[in-house]
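Trainee: sequence first, predicted model second:
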Amino acid sequence: MYHPGDIIEAIAANLRATRNPFGIPHFIVNRWWREAGLTAHGDAMLFTGMMYQFVPYIETSTTYLAKYEDTPLAAYLRYARYAPGYLSGLGLAAITPAREKRRFDRILQDIVRLLKASEVDFYYRPELDRYSGILLYDLGDQEGFVRHARWLANRLQKAGIKKLITVDPHTTYALKELFPKYTGVRFEVHPYFELLRLGGGNGRRTTVALHDPCFYGRYLGLSDVPARALADLGIDCAPVDRSGAYTHCCGGPAESISPRLAGEVGQRRLDQLAQTGAPIVAMCPICLGNLRKLGAEVRDLSSVMAENL
Amino acid sequence: MDDHHHDRNFDALVIGGGIAGLQAALDLGDQGFTVAVIERDASVGGKMIRLSKVFPTLDCASCITTPKMAAAAHHDRITLFTYCDLKSLQRQNGRVHAKVVQRPRYVNADKCIGCRQCEYACPVMVPDPEQGGFSATKAIAIPFSNAIPQVAVLDPRHCMLCGRCERACPTGAVDYFQQPQPFSLTAGTAVVTTGFEMTAIADKPQYGFGKVPNLIDALQMERLLAPHGPYNRVLRPSDGKAPDSIAYIQCAGSRDKSMGLPYCSRVCCMYAIKQAMLLSGALPLADITIYYMDIRAFGKGYEQFFQNAQAMGINFVKAKVAAVEAGPDGAVRLHYEAQDGEGVTTADHDLAVLSLGLVPAWDPSGICPLTTGADRFIHTPRPKLGPVQTGLAGIFVAGAAAGPKDIVDTIAEAGNAAMAAGQYLTAMSPSAASRAAVA
Amino acid sequence: MTQANEKPDAPAAKIGVYICHCGGNISDHMDVEAVRRRAENLPGVTVARTNMFMCSDPGQEQIAEDLKNGTVNRVVVASCAPSLHEATFRGAIRRAGANPYIYEHANIREQVSWVHHGEAATEKAAVLVAAATAKAGRLKPLTPIRVPATRHATVIGAGVAGLSAARDLAARGIAVTLVEKSDALGGQLAALDRIAPTGDRAADLVNELAAAVLGHPGITVLTRTEVIATDGYIGNFKLTLRRRPPEGASTADARYVPFQGVRPPEPSDAPSGELTVETGAIILATGFRSYQPRPGEYGFGEFSPVITLPALVRKMAERPAKGRLLQIDGRPIRSVAMIHCVGSRQIPGIHPEDESGHLNEYCSRVCCTATLDAADRIRRNHPGTRVYELYRDIRTYGRGQEELYEQAARDGVVFLRFEADNAPQVTTAAPGEGFALKVKVADTLTFGETLEVPADLVVLATGMEPNDVSDLVEMMKLPVGMDRFLLEVHPKLRPVEMPVGGIFVAGTCQAPFDVTEACNTAGAAAVKAAALLADGQVELDPFVAEVDVDRCRGTGACVDACLNPGALALVEMEVGGRTVQRAQVTPALCLGCGACVAVCPENAIDVCGMTLGQYEAMVDAILET
Amino acid sequence: MTTASRPKGDKILVLATESCAYPGADSVGQAHSSYPANVYILRVKAPALFPERFYLDCFDKGIGGIIVMSCGEECPYEGAYHALAKRLDRVYQEMKARDIDIRRLRLTAICTVCNRAFLNEVNQMNAVVSELSD
Amino acid sequence: MTLLSPDFAEELKRYSDDTALACFNCGTCTAICPLIDGHFPRKMIRYVQIGAKERILENAPELWKCLHCGLCTQTCPREANPGELILGLKRLVISHWRKA
């Protein structure tokens, strides 16, 4: 286990300096939209919050973190903020494989396809789509989180944004619950699957094991909605031991503090999902990343739906 | 017995024919008042007649309930209306008016002589709810061996209308076309003794009830332990193995705001200890563990009973079980925090019993203007000096209808309700009281 | 042979035997007609019939007709278990204008057709019918015993249970004498302040009950009064009372004295000295006393800041004041430690016995809630005062009590849990530590760590002990349990009854109860007394012992064997011009057990309706059939 | 005298208390559990009624075995059970004196639902009676 | 030997909902926590109840094992919100570290 103080300070410093927890320049992280054919005007703005885009970088960094966890080298982490290397910034960007980045960009492109197929009136403005700061909140750096959230809320407010379409549970929770509470700014927030109207699908009936992320299943009480969206496409959800409000954590959030712990918790969840025998589907980039790292074939909700259109 | 040709005016109505209702009816009848008991089930006796033995004396529940059931059934001044739904209970012009519908038994109660020929003839086996679903009964049957009245009931959900019971019946009592029978009763006062049901444990999905094969509830264990039980011995449902280790999970549906049940159900500690003692008699080599938060052995002789259980070797572990799942080989796996320093622990048992809590069996809304408390039991505005008074003059309450209660406390409260109802009748109509006095 | 002892019946028995097919339940397993034929030939049998359902109206009608037209004067029905239909057939006989006790039942379903089959069943049924017939021939008409009862009840003890029972009985039109040892009404309830969890004021409750009792013309209230002698039996007791003269000035109006209760008015003609009361029923409501800790128990008597819960309640009520810190005896209290289960839940080998060798092994039931209530009140009224509760199990079992437990926790009461064999230790704090005392406890909630609780005050949650009523126990022959509380006949079948007929228990003389439960038991006891005295007489089963004075020699063996003292006695009577001693039965007291029958050397005593001769005749019939 | 009084029959008499053992025997019937048909059950309020000679007379007359089924310690008549137990001790002495096998008399407690205990008792007594009549 | 100092609960109020005292130490949070680790999180909550601040600071890094998954809060029988308390303790500890 790494000393949490070190991780928190590294992330907080990055966020202060670059508005990005890993210190990677925004234009490098957020490239997925370029071939997506998006307009800049419409009813609601698509807001990715950068979580999907970050996953490849997180996985690269945690591979290194896992290597040194519980070794004397772990203590050197506290100098990370002075020595970017594999933990932050351009270095991290450089050593993260392009194939991985493309994979996660594809998910966002699939979400766009789904929204278009549902005739949702939406637009995208890449310069406004920024990280929500949720990781600092989870780690307990309340000051850091509030400072960042205010910056972002102001920026969106100034741009006249009122309605947001989100793609991951962490960003959704931050915008829906935390922003009003800590910044006083309230947006109308919809996770994308709430807006889907996809009709009968392609006629194939399949069953999947849908992993409810904690934020959707428990904090936001939204686990029924994606299941309904799947059902519209003829996809059934196998009963998973622990789901909905009682869903089991994927272990992902522990990645930065203890990759070993993230693995243990994730493995237990994987076993529960595997018991169904159905292909595993996640709808949160953290869950997706952590469960995949444990060797499981896990697909994103949007990919499964896009394929069945 | 159900008598359809009686006077529909009574001194008192008793709503519910469990042990509280029977005791209240007997105490009213013995004072000289006429009483109508309205019971939802096909037999009086309530939950108590379904139990095995009762704490802290360990005498059999039947031995205590049956005489009270028979005494009420044979009482000159008590009329039992079974298989009846109460549709409305209102006060008008100083009297209590009840609208009741008797559900069809598809058996003429006046003709049925309880000979069971229909039951023997019926080809349809259905799970017997009176035996915790562990064994089967027939689609037409006497509800249970010591039911009162001894009248068969046909279950239309399972009946195939094959006609064998009708042909077997020596008195021509089977009537496939019987209709619900609405009727009205009036009385000077009413005593509500509608009792309890067990907690709906589905509200606690982490206990896996229904998914874990050898996880049963305490009422099912009562049947396994009962002398007239489904197997005549204790075994676990999945494979018929005699369990070597048995766990009790306390507060399964009590003291748990995550289920919306913040209150203590008052009886579960004692019934679990009782069952544990009976089990250690039936299975002398089995390990029995009770997982608890606080042992609430508060009544007369209860603490000594608890101490005896400890002396008998029953294990008590202070922990609330957090989750239950199926383990290997039919085991039930419990997760809990061992607070003695061990920390998070899992324990496998051959059989586990959920000590379910108590919830009210009756909701007066839409039937009677009685109010209920936050716990949904009948509200008693003067719990100290008038524990049996409700918000409505002339309507009294006793037993678990006014909050979880054990049998001893229920019987005392039923007596008090009969006293209060008798006083009310005396005050309202001295003639009723004097009639009672000369009866 | 012993039958010779039976006096011949006049007129001769004409026995009707009625055998039930029970719709095949009986007839499918035996030859009912064969049983009937054999019955027909039994001595004394005038008619033997069968019916598909004897319990049906036509079946009962047949019996009634045979009785009315004189064909029969004794009835035997062979059918199901007597528990099901004995009462039915006795009722049919009564409706036909005959004495219901000329009836005998043969159980040929539960004890024959459902357990044996074929010839064996037929044979056994025939034998049981013969046995029943043999008994029936020796049955005599009996009359239920009716004893006049005084429509008056005496309630002993004027705490909440006694007051409540007296009020209830008077409201049902029964005259009541309420006897109280002290000079005030209210008992231990008056020693309380507010009652948890509802917050009712004890004073209001005492005043309400006292007003109801004092205002009812049917209730005679006798304070400063004790029962010094009892006599009589159910419905007809005679109590001798002794009333002390008032100490100090007597009052003209009822007056509430805090922590003592309501002093009733003392009219000039109030009785004093010895008086007698004739009463039909007695309700014992003699209550409890609070456990007094042993010297040194948790520092009690050793350190002055160690007090009992009742003392705390009183001190807080006498100087009610809000403020940052609780003040007790003029001292600001920054921290209170409350220790549960003092004098309750004692365990042999862990807790020492008292000087008379007793341990209070029971739970006192009310102390958890009372302690929590006091703790929560301190936290709410004195936010600067810290409160710690040291407990074994929190027993907030009743309605609203678990909610109080949670409320106290949310209000900042800190809970520590100890094991019975590792009790907290109260010691003085070192001079520099700032607090008067400290309490060391191995806290199981903190993984067994030993914690030190600083305390300016230690409160002991003392339990209940029954009041000493050994005089009444002796006089009335009352059973007492291991816990020294009065012992009811059966906790569920007859929970408020003493084995002596007509004596009932209410409230905390039976077990620890809270106010609600005490009221419930009081109502339950009152309803039993009201039912008993409802019509001015008590009806008892006629199955009681009867002495044949011609045979009795006055040996007294029966009196010695009698299980219910008073039911049998030797009395002097004139026989043939000489005064001799003979046994006499008091039917109201006789249990009908027959213990006397077995020991009489002269066969001079028997139980009506089930005589030894009848049993012997049945045995003969079993052997001869 | 002793040989003449030795029981020869195989009929078993059960003295069953009306509050416990008699309803217990009924409950065996309700369960349709079979037992030997030579068992005859008499309903009694309390077996304390029967003097020593009643038992001895029964054996003399030809009863093969007697089971006294009481309520045991839960007897509604306080003290009756102990009086009964003492009396049966004296009956046993007499039986020995008359060369009657004491296994022919049993005292047992049976409650209203003691089906198995009831069956055990009557089957055991039946075994004793048939063994002794061989 | 641990001396009790319940004033710590007051200090924590600045960082979190004040629900630690609502906890009745049933251990559900610990047993349900996906970490399956010792007495976490009840241990921390118990330390808050008795005011053992030093113990919390000594063991502070453990707090970051919490994944903020919320299962403890969902299942807590007393609605004591253990998840939120742990988050509050993280905030308190960070503030301590930053002051140091």
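Mentor: Yep, it's here. Numbers count the residues shown, from 1 in each chain, chains lettered A, B, ... in the order given.

Trainee: count the residues that sit near the nearest residue to B:L285 once chain neighbours are set aside.
Mentor: Nearest residue to B:L285, sequence neighbours excluded (CB to CB, 6 or more residues apart in numbering or on different chains): B:D244, at 6.9 Å. C-beta: built from backbone N, CA, C; applies to glycine. The burial count assigned to B:D244 is 12, neighbours taken as other CB atoms under 10 Å in any protein chain shown.

Trainee: so B:D244 touches B:A286, yeah?
Mentor: Yes - the criterion here is CB atoms under 8 Å, and B:D244 meets it with B:A286 at 5.4 Å.

Trainee: who's in contact with the spatially most central residue of chain D?
Mentor: The centroid of chain D falls nearest to D:I67 when counting by CA atoms, centre = their mean (1.1 Å). D:I67 sits next to D:12-15, D:105-108, D:121-122, D:125 when contact means CB atoms under 8 Å, 6 or more residues apart in numbering or on different chains.

Trainee: now the helices: where do they sit in chain C?
Mentor: Applying DSSP state H to chain C gives helices spanning C:32-40, C:57-68, C:82-95, C:118-136, C:160-171, C:202-214, C:309-318, C:367-381, C:401-410, C:470-476, C:515-532, C:557-561, C:595-599, C:612-624.

Trainee: turn these into a markdown table, including distance to B:G114, mean neighbour count and mean pLDDT.
Mentor: Shown next, in a markdown table, are the helices of chain C (distance: least, CB to CB, whole Å; neighbours: other CB atoms under 10 Å in any protein chain shown; pLDDT from 0 to 100):
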| stretch | distance to B:G114 | mean neighbour count | mean pLDDT |
| --- | --- | --- | --- |
| helix C:32-40 | 19 | 19 | 97 |
| helix C:57-68 | 14 | 17 | 88 |
| helix C:82-95 | 9 | 19 | 86 |
| helix C:118-136 | 20 | 24 | 97 |
| helix C:160-171 | 40 | 31 | 98 |
| helix C:202-214 | 49 | 21 | 97 |
| helix C:309-318 | 57 | 18 | 96 |
| helix C:367-381 | 48 | 24 | 97 |
| helix C:401-410 | 44 | 22 | 97 |
| helix C:470-476 | 45 | 15 | 92 |
| helix C:515-532 | 30 | 30 | 97 |
| helix C:557-561 | 42 | 19 | 94 |
| helix C:595-599 | 37 | 25 | 95 |
| helix C:612-624 | 28 | 21 | 96 |
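
Trainee: in TSV: these, plus distance to B:A152.
Mentor: Shown next, in TSV, are the helices of chain C (distance: least, CB to CB, whole Å):
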stretch	distance to B:A152
helix C:32-40	23
helix C:57-68	19
helix C:82-95	16
helix C:118-136	25
helix C:160-171	42
helix C:202-214	51
helix C:309-318	58
helix C:367-381	48
helix C:401-410	43
helix C:470-476	50
helix C:515-532	35
helix C:557-561	49
helix C:595-599	44
helix C:612-624	35
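
Trainee: closest one to chain A among these?
Mentor: Comparing these against chain A with CB to the nearest CB, the closest turns out to be helix C:401-410 (22.5 Å).

Trainee: now for the closest one, which elements pack on it?
Mentor: Counting contacts by 3 or more CB pairs under 8 Å, 6 or more residues apart in numbering or on different chains; DSSP states H and E, helix C:401-410 packs against helix C:367-381.

Trainee: can the helix it packs on be found next to chain E?
Mentor: No - against chain E, helix C:367-381 shows no contacts by CB under 8 Å from any CB of the partner chain, the least distance being 10.2 Å.

Trainee: show me which residues of chain D sit near chain C.
Mentor: By CB under 8 Å from any CB, the part of chain D that sits against chain C consists of D:9, D:11, D:13, D:23, D:25-26, D:28-30, D:32-35, D:37-38, D:40-46, D:48-52, D:54, D:57-58, D:61-63, D:77-80, D:83, D:87.

Trainee: show me the residues you listed that map onto strands.
Mentor: Mapping these onto strands (DSSP state E) picks out D:11, D:13, D:40-44, D:63.
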